[in-house]
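**Student:** Mind looking at a prediction? Sequence and model below.
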Amino acid sequence: MDGFETPIVQQALPRSSVNSLAINTSYYEVGAGRGEPILLLHGMSSSGDSFRELMAALASEFWLIAPDIPGFGYSENTTPYTFPHLVEWLAAFSSQLQVRPAHILGHSFGGALGVSFALAYPSDVQSLILLAPSILRPGKYPEWLRHLSKTTLAEHVLQLGVAASRLILQRQMRAAFYEPRRFEAELWKRRARDYEQARASAAVLRASALHDIRADLAQIQQRSCIIWGQNDPVLDPADARRLSDLMPKSRTTLHLLPECGHVPQIEQQNRVIQVVRSFLDGQ
């Protein structure tokens with residue numbers, strides 16, 4: 001398979017659904033009963049399927065569950081679309097599947113949700129693996145934009161931007177990659193499907209602008225691992241060090257991956273799998 005460090009998994013992983021916090025929630029699951037549970041939380045305009053290769057590689061060692069966050073993939077949308085509400089959804093979901101405590105692996109928006117969950121339910125989180133997490137971005141929004149985000153008008157404006165981006169979908173979904181030409185058509189079909197099913201992208205942007213947890217990060221005590229692409233065009237790779245400094249109790253390990261954009265679990269599959277294995281083995 002030209003361009004892939006590890007072969008792309010052609011067949012979708014087993015998908016189920018459960019009603020969590022009155023939200024019909026779709027999720028992918030492999031490795032039940034084979035090891036400690038890992039909850040995988042995807043990024044914006046994505047779905048649990050974005051972890052397909054990572055889950056297939058680790059299925060013989062861990063119990064991996066990747067939900068479609070409300071408003072994405074095959075899960076229902078929800079209101080209000082705020083981080084506190086999503087945290088309660090995740091608490092209900094993890095309780096129903098009896099995966100508390102679990103390791104949390106979160107990418108981008110999913111990383112911010114995972115850390116928010118750890119702050120609200122610290123005893124339910126064993127460790128944090130954060131792939132280019134969108135945690136420090138709220139502090140970079142200008143004050144006028146954060147004020148606008150408090151209005152319902154903001155979501156309508158953001159929705160127009162998201163809809164416009166879909167008109168140039170092929171360009172948009174490749175923009176997060178360092179070298180998109182390395183990858184085959186099958187991957188872009190999957191990502192296009194995720195974009196088409198991402199009904200809550202505008203709501204995520206608004207919720208993120210209003211969710212500033214920088215002052216709370218010092219409370220994080222779970223062992224943490226941060227993985228970031230050195231060529232990330234979406235979030236500044238320098239935020240990896242800044243984030244680590246804001247979590248002094250977390251014994252954070254940093255991994256900055258060369259020739260890697262914003263989606264390390266796909267663009268540097270082998271390296272991410274190796275880092276996750278070593279981290280969970282306590283090395």
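**Tutor:** Right, received. Where do you want to start?

**Student:** from memory D68 sits against T78, does it?
**Tutor:** No: using Cβ atoms under 8 Å as the test, D68 is too far from T78 to be in contact (11.9 Å). Placement of C-beta: from N, CA and C, glycine included.

**Student:** Of those two, which one has the most company?
**Tutor:** Using other Cβ atoms under 10 Å as the criterion, D68 and T78 rank with D68 on top: 24 against 21.

**Student:** residues contacting the more buried one?
**Tutor:** T25, S26, Y27, H42, S47, G48, Y74, S75 (Cβ atoms under 8 Å, 6 or more residues apart in numbering).

**Student:** Please apply the same query to S208.
**Tutor:** Applying Cβ under 8 Å, 6+ apart, the residues near S208 are F109, A112, S134, R137, P138.

**Student:** I'd like those residues as a markdown table, with pLDDT, neighbour count and distance to L58 appended.
**Tutor:** Conversion of those to a markdown table gives the following (pLDDT from 0 to 100; neighbours: other Cβ atoms under 10 Å; distance: Cβ to Cβ, whole Å):
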| residue | pLDDT | neighbour count | distance to L58 |
| --- | --- | --- | --- |
| F109 | 97 | 28 | 22 |
| A112 | 97 | 28 | 23 |
| S134 | 95 | 25 | 24 |
| R137 | 79 | 20 | 28 |
| P138 | 62 | 18 | 31 |
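
**Student:** Distance to A118 and secondary structure for those residues - can I get that in CSV?
**Tutor:** Shown next, in CSV, are the contacts of S208 (distance: Cβ to Cβ, whole Å; DSSP: H, G, I helix; E, B strand; the rest coil):
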residue, distance to A118, secondary structure
F109, 15, helix
A112, 11, helix
S134, 15, coil
R137, 18, helix
P138, 17, helix
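
**Student:** Low-confidence stretches in the stretch 151-283 of the chain?
**Tutor:** The stretch 151-283 of the chain contains residues with pLDDT under 70 at 151-170, 283.
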